[in-house]
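K.L.:
Here is my input; please provide its structure:
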Amino acid sequence: TQGGIDRASTSELWFSLVNSDTGVLSLDVEGQIVGDGSGLTSVDADTLDGTDGAAFATEAELAASGSAAVHWDNLTAVPTGLDDGDDDTLYTAGEGLALSAGQFSAQGVAWENVVIVAKSGGDYTTVQAAIDSISDASAANPYLVWVAPGEYSEVVTMKAHVHLQGAGQEATVITSAAGGASWPPTTATLVLAGDTSLRDLTVDNGGTSILSVALMATGGATGTVVTDVTARAQGSGANQYATFVRGGTTEVTLNNVTALGEGSSYSYGLYNEGGATVTLRGGSYTGQGGNNAYGIFNSGSGTTLEAANLAALGEGGSTGNHALYNAASAAAVLRGGSYTARGGNYTYGILSTNSGTTLEATAVTALGDGSSIDNHGLRNEYSSTATLHGGSFRGQGGNLASGIRNSVSATLEAANIAALGEDASTQNRGLDNYNDATATVTQSVLEGSSYSVLLATGAITVSNSRLVGGPVFGTVTCVLVTRGTAISTDGSTCP
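P.N.:
This is a model prediction of the structure:
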């Protein structure tokens, strides 16, 4: 009940406000203005809008006085610009916002020490310009250059403490035809620096020079890390290097790198020499085509390769194919992974050669397959030393296939391995030993349809192992060695 009237039974309720003069303003119970308020001199603001404020004057009084408070609903002939509902309050955009024509929008805030490269909309349109713009990078003040999707045709030289990242290996591509004719190569599509990282992009070289390199680290670069990068050298020049590392104090780590070298004469997935140290974790390294193809080439005194769980492939060379070539007093330490070579005349999954060269391999798979002449899973020769802990070594096809060949004063120590020669047209051998080489094998399986073990010259000792297939040739020492149900019991004679 309001004003003595039952509101529930009344469809419309009116009451009037009368001021001291003659004006009458009628309101319904919802508080909506019904009359035009003519004749009112003033009405308290609370009456009209429920908000505390000064009394409002009529429009006539406003016209007479030139200054008075009038309720907006009672104004007529409002000038253009004031009738748009905007109270014309002045707004200022804060951090992260932009204001334009009355519209607010989100605005990015620049990241500190991040430089953007993009075809449009970035800080720079070339990678090298972005790197060159940085002059104060240090260990305490590193920078990131981020490269948006696109193909960037340029040669890039990195700086220490300036890290380079793309939008993905299939999205960001840096390409060039950089190259030269003089050894060693000094230019590449991308040259790494020390204390920096490269990730999430592709580096291509499609040059015609005698020496063409996609990704290079030289000059003593240390603390350099490359992750999730594709490197390709596939030009028409004679020698193509997907990754090239050189120098006595150069140290580079490659994580999940995909490297492909494809040339007309020599092709290299990774070339490491001159005392450099390379650590490989995962990834794949392929040399393809030309006369000789090398998945990984590791050579020179003080040169060190440490590799874990990768795939190395040398294939398609008309003469020789090597998944790993380890030579000239270099050292290779392998943990897992596969090493496969295919085609040509001479094919070796792993070749370790020359005095002072060392190979230590744990649980690797090595295959030499499909050459016309010799196929060896492992060939250890010319005073090289190989130490094997588990793993599989297989030669397959061609004229001669050996799981392992040990020759020319080389030293082999093997435990828990499988060595198999198969599918050759002339001879298949598990282990053969030539030219005063020495081999000691234990807890292993040696298998070949022609000879399970062949000793031409030198010395072989086999213990606690199993022989499968062909006989033993030469004076081999066998200790507790079995063949089928037969077992050596005299400590010397092989079954």
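K.L.:
Double-check that Arg228 belongs to a strand.
P.N.:
Actually, residue 228 is Asp. It isn't Arg. Yes. Membership of Asp228 in a strand is supported by DSSP: H, G, I helix; E, B strand; the rest coil.
K.L.:
Hmm, it is touching Asp200, no?
P.N.:
Yes. The pair Asp228 and Asp200 qualifies as a contact (C-beta atoms under 8 Å) at a distance of 5.3 Å. (Glycine included, C-beta is placed from N, CA and C.)
K.L.:
Pretty sure Ser338 sits against Ala307.
P.N.:
No. Counting by C-beta under 8 Å, Ser338 sits too far from Ala307 to count as a contact (11.0 Å).
K.L.:
These two: who's more crowded?
P.N.:
The residue with more neighbours, out of Ser338 and Ala307, is Ala307; 27 against 18, by other C-beta atoms under 10 Å.
K.L.:
In contact with the more buried one, which residues?
P.N.:
By C-beta atoms under 8 Å, 6 or more residues apart in numbering, Ala307 lies in contact with 279-280, 296, 332-335, 337.
K.L.:
Just read off the phi/psi values of it.
P.N.:
phi -130, psi 140 (degrees, to the nearest 10).
K.L.:
begin at 29 from here
P.N.:
Taking 29 as the first residue, the last one we looked at is Ala335.
K.L.:
ok, it to Val285 distance?
P.N.:
Per C-beta to C-beta, to the nearest Å, Ala335 is found 11 Å from Val285.
K.L.:
which residues do these two both contact?
P.N.:
Common neighbours of Ala335 and Val285 (criterion: C-beta under 8 Å, 6+ apart): Leu308.
K.L.:
nearest residue to Thr277 other than its sequence neighbours?
P.N.:
Among residues not flanking Thr277 along the chain, Gly248 sits closest, at 4.1 Å (C-beta to C-beta, 6 or more residues apart in numbering).
K.L.:
Sorry, slip of the keys, the one I care about is Gly317.
P.N.:
Gly344 (4.4 Å).
K.L.:
Confirm for me that the one you found is in contact with Ala369.
P.N.:
No. At 10.2 Å, Gly344 and Ala369 do not qualify as touching, with contact defined as C-beta under 8 Å.
K.L.:
quick one, which of the two is more surrounded?
P.N.:
Under the criterion of other C-beta under 10 Å, the comparison of Gly344 against Ala369 puts Ala369 first, with 36 against 17.
K.L.:
For the more buried one, which residues are in contact?
P.N.:
Ala369 touches 323, 341-343, 349-351, 375-377, 395-397, 399, counting by C-beta under 8 Å, 6+ apart.
K.L.:
now do Ser357
P.N.:
Here Ser357 is in contact with 328-331, 382-385 (criterion: C-beta under 8 Å, 6+ apart).
K.L.:
got those residues as a markdown table, with distance to Ser520 columns?
P.N.:
Converted to a markdown table, the contacts of Ser357 look like this (distance: C-beta to C-beta, whole Å):
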| residue | distance to Ser520 |
| --- | --- |
| Gly328 | 41 |
| Ser329 | 40 |
| Gly330 | 42 |
| Thr331 | 41 |
| Asn382 | 33 |
| Ser383 | 31 |
| Gly384 | 33 |
| Thr385 | 32 |
